[in-house]
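Novice: Everything below, folded, please.
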Amino acid sequence: MTSRSTPESAATPRPAGRRPLRRMTARGRDEAHRVASPLELLFDLCFVVAIAQAGAQLVHAVAEGHAGEGILDYAMIFFAIWWAWMNFSWFASAYDNDDVLYRVVTLVQIAGVLVLAAGVSQAFASHDFLVVWLGYAIMRFAMIAQWLRVARSTEGAERTMALRYAGGVLLCQVGWLGLLIAPEPGRPWVFLVVAVAELCVPVFAEKAFTTSWHPHHISERYGLFTIIVLGETIAAATVAVKSAVDEHDALGELLPIAAGGLLIVFSAWWIYFVVPIHGHLRSSGQAFLWGYGHYLIFASAAAIGAGLEVAVEQTVGKAHISTLSASAAVTLPTALYFLSVWALHSRYFKIGIAQQLVLPTTALLVILCTFLGDWAVLASGIVSALAVAVGVVLTTRMVGREAAGNAAGGV
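Specialist: A predicted model of the protein is given here:
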C-alpha cells in the first residue's frame with residue numbers, strides 16, 4: 001500500500017524470460033493489459049473461507065443476544081483477514097514476478113489464512129486467539145520474506161523502503177503477541193494500538209520511495225474481492241433459507257427476507273461497479289484513503305450476509321432476539337455499505353446535488369426500514385433497488401442534456 005504514487009518513468013519493466021528464480025524488481029505502472037493472475041484469484045477465494053467463518057460466528061453471537069461482543073470480535077478478526085489480503089494485493093501489483101519462489105511464498109500465505117479460519121470459532125467462543133495469531137503470523141512472515149527479496153534485488157531508496165516494510169511488519173507481529181498474554185479486558189486496547197501501528201507501516205516505509213502499483217490492476221483486484229464477498233453473502237443467506245424451509249416449512253415467512261436480501265446484494269453490486277474508479281486512483285492521496293477505506297466496504301458487505309442469516313433464524317424462532325434487532329442486523333450493515341461506497345467511490349463521479357444525495361438518502365431510508373417489523377428486509381431491498389433506478393434515470397437525463405447541448409452547439 002502506498003500514500004503517494006510513483007512516476008511511471010521511475011518504474012522498471014517486468015523482467016523478461018521464464019527462469020525459475022528471477023530478480024524481484026518493480027513492474028511498470030503503465031504496463032498494458034495488466035489483469036489479476038490465477039494465483040491471485042485462488043488467493044481471494046481462500047481468504048473468503050476465513051470471512052465465511054467470521055460471518056458464521058457473528059450470526060451465532062447476534063442470534064444469542066451478544067451483538068456487542070460479537071461485533072467487536074468480528075471487527076478484530078476481519079481486520080486481520082483484510083489487512084493481510086490488502087498488503088499482498090498492493091505488493092503483488094508492484095512486484096509480482098511470478099517465479100517459483102514467489103508462487104510458493106504466496107501459497108504459504110494462503111495456508112496461513114486457512115489456519116486463521118480454523119481458529120475463528122475459538123476466538124469468538126472463548127477469546128482464545130492462539131490459532132488466529134498463528135495463521136496471521138504465517139501470512140505476515142511470508143510477507144516479510146517477499147519484502148526481503150525486494151531488498152535483495154534493489155538498491156538505494158527502494159531497498160530502504162523494502163527493509164522498512166520488513167522491519168515494520170515484524171515489529172507489529174511481535175505486538176500481536178499481546179492478544180495472547182494480555183488480560184482479556186485489555187485485549188481490545190492491544191488490538192487498537194497494534195492495528196494503528198500496522199496502518200502506519202506503509203506510510204513510514206514509503207516516505208522516500210513509493211511502490212509502483214498499477215491503478216487498473218488494483219481497481220480490478222478490489223472489484224473481484226467485492227464480488228467474491230457479495231457472492232459469499234448470497235451463498236450464506238441461501239443456505240440459511242434452505243435449512244429453515246427444510247426444518248420448519250416456513251417458506252411463506254421467508255420469501256420477503258429472500259427477496260429483500262437478493263435486491264440488496266444486486267444493488268450493492270450495481271452501485272460499486274457503476275463508476276470507473278481506476279482513473280480516480282491515479283491520485284496518490286486518494287488511493288491511500290480508498291485502499292484503507294475498503295475495510296468498511298468489505299466488512300459491511302460480508303456482514304449483510306450474516307444479518308440475513310440472523311433474520312432467517314429469528315423468523316423461524318431459532319434466534320433469541322427481537323424482530324427489531326434482527327432487522328437491524330441487515331439494515332445497519334446495508335446502510336454502512338452504501339455510505340462507504342458513496343464516500344470512497346461514487347461521489348467523485350456524481351454531478352449535481354441530486355446525484356450526490358442518492359446514496360446518502362438511501363442509507364437513511366434503509367435505516368428507517370428497521371422499524372417495519374417483518375417487512376424490514378424486503379423494504380430495504382426495494383429501497384436499494386429504487387436507488388439504482390433513480391441513479392440510472394438521473395444519469396440518463398444528464399447524458400441527454402449534454403447530447404442536446406452538443407447538438408445545439410454544432411448547429
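Novice: Residue 381: what's it in contact with?
Specialist: Listed by CB atoms under 8 Å, 6 or more residues apart in numbering, the contact set of residue 381 reads 259-264, 267. All C-beta atoms are positioned from the backbone trio N, CA, C, and that covers glycine.
Novice: if we go to 7 Å?
Specialist: Taking CB atoms under 7 Å, 6 or more residues apart in numbering as the definition of contact, the neighbours of residue 381 are 259-264.
Novice: again with residue 261
Specialist: If you count contacts by CB under 7 Å, 6+ apart, residue 261 has them with 237, 308, 377, 381.
Novice: Now, those residues that are in helices?
Specialist: Judged by DSSP state H, helices contain the following of the contacts of residue 261: 237, 308, 377, 381.
Novice: Out of the residues you listed, the closest to residue 182 would be?
Specialist: Within these, proximity to residue 182 (CB to CB) peaks at residue 308, which comes in at 34.6 Å.
Novice: where's that closest one relative to residue 240, distance?
Specialist: The span separating residue 308 from residue 240 equals 7 Å under the rule CB to CB, to the nearest Å.
Novice: those strands in this structure, which residues are they?
Specialist: Under the criterion DSSP state E, strands are not mapped anywhere in the chain.
Novice: returning to what we had before: right, and the pair among the contacts of residue 381 with maximum separation?
Specialist: Taking CB to CB, the two most distant members of the contacts of residue 381 are 259 and 264; they sit 9.8 Å apart.
Novice: who has more neighbours, these two?
Specialist: Legend: neighbour count by other CB atoms under 10 Å for residue 259 and residue 264, higher for residue 264 (32 against 14).
Novice: which ones are touching that one?
Specialist: 304, 334, 380-381, 384.
Novice: repeat that for 8 Å
Specialist: Shown in contact with residue 264 (CB under 8 Å, 6+ apart): 304, 330, 334, 377, 380-381, 384.
Novice: which one of the contacts of residue 381 is nearest residue 232?
Specialist: When the contacts of residue 381 are ranked by distance to residue 232 (CB to CB), residue 261 comes first, at 12.9 Å.
Novice: what's the offset of stretch 89-105 from the middle of its chain?
Specialist: Chain-centre distance of stretch 89-105: 20 Å, with CA atoms, centre = their mean, to the nearest Å.
Novice: Buried residues of it, list them for me.
Specialist: Neighbour-count burial for stretch 89-105 flags 89-97, 99, 102, 105 (criterion: 16 or more other CB atoms under 10 Å).
Novice: gap between the two ends of it?
Specialist: End-to-end distance for stretch 89-105, by CA to CA, to the nearest Å: 14 Å.
Novice: ditto for stretch 206-225
Specialist: Rule used - CA to CA; the end-to-end distance of stretch 206-225 is 25 Å.
Novice: Can you give me the buried ones in it?
Specialist: Burial within stretch 206-225, assessed by neighbour count using 16+ other CB under 10 Å, is assigned to 206, 209-225.
Novice: Many thanks, I have nothing further to ask.
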